[in-house]
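Visitor: Sharing a sequence plus its predicted fold:
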Number of protein chains: 2
Amino acid sequence: MDIREIARRARVSTATVSRAINRVPTVDPQLAKRVWKVVDELGYYPNTQARALVLGRTRIFGLIVSEITNPFFPEIVQTFEDLAVENNYEILLTSTVHDPKRMESSVRRMIERRVDGVAILTFGMEESLIEHLRDRKVPLVFVDVGPNVPGIANIRINYLSGIRQAVQHLAALRHTRIAFVAGPQHLKSAGARREAFKAAMTEIGLEPDLIVVGDHRMEGGMKALLELNRLRDRPTAVLCSNDMTAIGVLREAYEKDIKIPDDLSVVGFDDIHLAEFTIPPLTTVQMSQRDLARIAFNALLNEVESGSHESLNYELVTSLVLRRSTALAVERPPNPAPKAAGETKSRKSPVSDSR
Amino acid sequence: MDIREIARRARVSTATVSRAINRVPTVDPQLAKRVWKVVDELGYYPNTQARALVLGRTRIFGLIVSEITNPFFPEIVQTFEDLAVENNYEILLTSTVHDPKRMESSVRRMIERRVDGVAILTFGMEESLIEHLRDRKVPLVFVDVGPNVPGIANIRINYLSGIRQAVQHLAALRHTRIAFVAGPQHLKSAGARREAFKAAMTEIGLEPDLIVVGDHRMEGGMKALLELNRLRDRPTAVLCSNDMTAIGVLREAYEKDIKIPDDLSVVGFDDIHLAEFTIPPLTTVQMSQRDLARIAFNALLNEVESGSHESLNYELVTSLVLRRSTALAVERPPNPAPKAAGETKSRKSPVSDSR
DNA sequence: ACTGAAACGGAAAACGTTTTCTGTCCGCCC
DNA sequence: GGGCGGACAGAAAACGTTTTCCGTTTCAGT
């Protein structure tokens, strides 16, 4: 069933059918009605491929994420989809799963399907990906990419705002030995979080020297807590580079019978869905996935609809959400409890990056 | 840049370019090489819309889910995507968010984009959805739909297999008062689970009379535990209709200082990712999302590639995965603790997996 | 009544492919 | 050496839309 079928039955030309469907005002209301009736009766829907072919616009946005199963992304995908239906777009979803081959295939698919724009929401982006897309003048929006490439919209995450809140929240609870479990070294976003932590600490006169590195997964968090726990001068609070890490420390704390938050305060980062469901519910720095998706989508929409190539910069601020994994600091005795030598500033525990 | 551009540069006709690209064997190797070279140099990718237009196949599969943020679905989407890239398909992802309007728009989008098939993986499906699609002879695959509609592939879930395992596992741990927290009444899948529970219980001579109903969300689980706890003859184990419910009872147990698994064994259903991360890790009945997605995708692929319209029935079996939320039953005193009647078999030392 | 403009519908070209159908060339067989 | 078939390349039609351009009708103004 095609537009000609409709034309025949409504006794008009295909041109008129097209105009009626697209609500072009120059068509006689009488005729339009006739067309609509037939369209409705037959349950006709225009062929989008054909339309795209002549219009040169597909009304498809590409969305590239790292991994759909990573709890950070479902909310993003959902929001993207919500906005897509609202605006009559489709979304072409692609995941890189950290595999160069997959990344390449991702951009190939985007180009083959002639998407109108693509949002690259994967953290730790290979720069190589963008080349091809940029060549073809496909509107792009990135998150957190380092260099300020012209012609590409950029969402900058304000890590400091939330991390500062977290640190000051802990400080207000009398914590002074605040540890940080960092993410993988190679991740740009992980680096930024670590720097934000250092800044927030020095800002209030605390030494940011209790840093161990994790892997942004539960295992990393578990190991990290073990490591911190061996320290002579153990922290009373730990801030994690992401929520999965925090969940790892929660888990290890449970095994080791360390009570959260009584014995140890922990705060996460990201505010994934899961954070609400941990025991106890996790206090964490929220980096709103909904907002992120919204900003990305609108950036694309803007660029496409207005045809402008100005490529703005956007900012996403982070902020602390309080739940129940933090509490007033408690004096924990130094570890091997040999002689609690009351030195003031003896930060003898070598910390920094293990592994 | 189109196929004609390539034709011009390679000094051949567009027909030859098309043949070369599609590896039609009748083209002279010499010429083919020439074409390939140009294609490569210009980074040309065929326009899929145009191709779809003439081929009558889009190489797009629709995937309708309930909600992307529901932890049950990301794994499905990811697997679907993996299979899509493998087979050179795209996926058109759509969510109903339990909204009739959205459902309608879902099928409209599928039809407009002329997908080659659609997998409807939402539980508790409006029958109305399928009408339009069936009219257009779009290959369909459903999960768990009731009536055996001809022309539609169907994945039937074997709930009993896993639930039987769960019940017998609990029975083996000396539990006799096993409760069930059901899902929402209107959900077909929830009903099936409840029936499976009853069957599994009666099978081994236990009365399935401890059933309360939840809502498949954490809140429902929390309420359910409260309710069960008020009972005179409290259960020592509870089986939940899904994992979120189980997480709810875990949470409420924590609040009420009921130790899991020592005081109460709990097992979930679904085996969502999250189940590994609870405290303690949740023993649950696995309904493999990967397998489900794989079966669905292959069903579609089959129907499309072979053109057959036989519409098979597939089965997905469920099975118990042991983690650490179950243990030997312990004698809990009847609720108001009148007189702890002298017991014969008091297994007060819970053993098994606790550690 | 006649002209001109305004209003509106239709024919046809265009979008970028695939594929059928038609040639052309070549080599082989008789 | 002439005819014939096989191998291969190109011209053109087709896919289902939108839109430009043109033609027809209608109506107002004189």
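Guide: Noted; the coordinates are in hand. Residues are numbered from 1 along each chain as shown, chains lettered A, B, ... in the order given.

Visitor: which other residues reach the strand or helix carrying A:L63?
Guide: Using DSSP states H and E, the element containing A:L63 is strand A:60-65. If you take Cβ atoms under 8 Å, 6 or more residues apart in numbering or on different chains as the criterion, strand A:60-65 is touched by A:73, A:76-77, A:80, A:84, A:89-96, A:106-107, A:109-110, A:113-122, A:129, A:297, A:300. Backbone N, C-alpha and C define where each C-beta goes, glycine included.

Visitor: Tell me the secondary structure at A:F142.
Guide: Counting by DSSP: H, G, I helix; E, B strand; the rest coil, the backbone at A:F142 sits in strand.

Visitor: now the stretch 251-355 of chain A, which segments are flagged as low pLDDT?
Guide: Within the stretch 251-355 of chain A, the set of residues satisfying pLDDT under 70 comprises A:308-309, A:311, A:332-355.

Visitor: Can you name the residues that contact A:H169?
Guide: Contact analysis of A:H169 by Cβ under 8 Å, 6+ apart lists A:267, A:283, A:320, A:322, A:326.

Visitor: Compute the number of surrounding residues for the last one.
Guide: By other Cβ atoms under 10 Å in any protein chain shown, the residues close to A:T326 number 26.

Visitor: The closest residue to it other than its chain neighbours: neighbour count?
Guide: In space, and not counting its chain neighbours, A:T326 is closest to A:S265: 4.0 Å by Cβ to Cβ, 6 or more residues apart in numbering or on different chains. A:S265: 24 surrounding residues under other Cβ under 10 Å.

Visitor: thought A:S265 was touching A:A329?
Guide: Yes - contact criterion Cβ atoms under 8 Å: A:S265 and A:A329 qualify, at 7.3 Å.

Visitor: which strands and helices sit next to the strand or helix carrying A:T202?
Guide: Element membership of A:T202, judged by DSSP H and E, is helix A:188-203. Packing contacts for helix A:188-203, counted by 3 or more Cβ pairs under 8 Å, 6 or more residues apart in numbering or on different chains; DSSP states H and E, involve helix A:159-172, strand A:178-182.

Visitor: Quick one: closest of these to A:S288.
Guide: Proximity to A:S288 (Cβ to Cβ) singles out helix A:159-172 among the helices and strands packed on helix A:188-203, at 10.3 Å.

Visitor: What segments of the stretch 151-300 of chain A are helices?
Guide: A:159-172, A:188-203, A:218-230, A:243-255, A:289-306 (DSSP state H, counting those that start in this stretch).

Visitor: what's the angle from the third one to strand A:178-182?
Guide: Spelled out, that is helix A:218-230. 150 degrees (axes from the mean of the first three to the mean of the last three Cα atoms, to 10 degrees).

Visitor: how big is the angle separating the helix holding A:T202 from helix A:159-172?
Guide: 40 degrees.

Visitor: Can you report how many residues neighbour the closest residue to A:I68 other than its chain neighbours?
Guide: For A:I68, ignoring the flanking residues on the chain, the nearest one in space by Cβ to Cβ, 6+ apart is B:Q78 at 4.2 Å. Per other Cβ under 10 Å, the neighbour tally for B:Q78 reads 22.

Visitor: Could you do the one 5 residues further on as well?
Guide: Neighbours of B:L83 under the rule other Cβ under 10 Å: 19.

Visitor: again with the one 4 residues further on
Guide: The burial count assigned to B:N87 is 14, neighbours taken as other Cβ under 10 Å.
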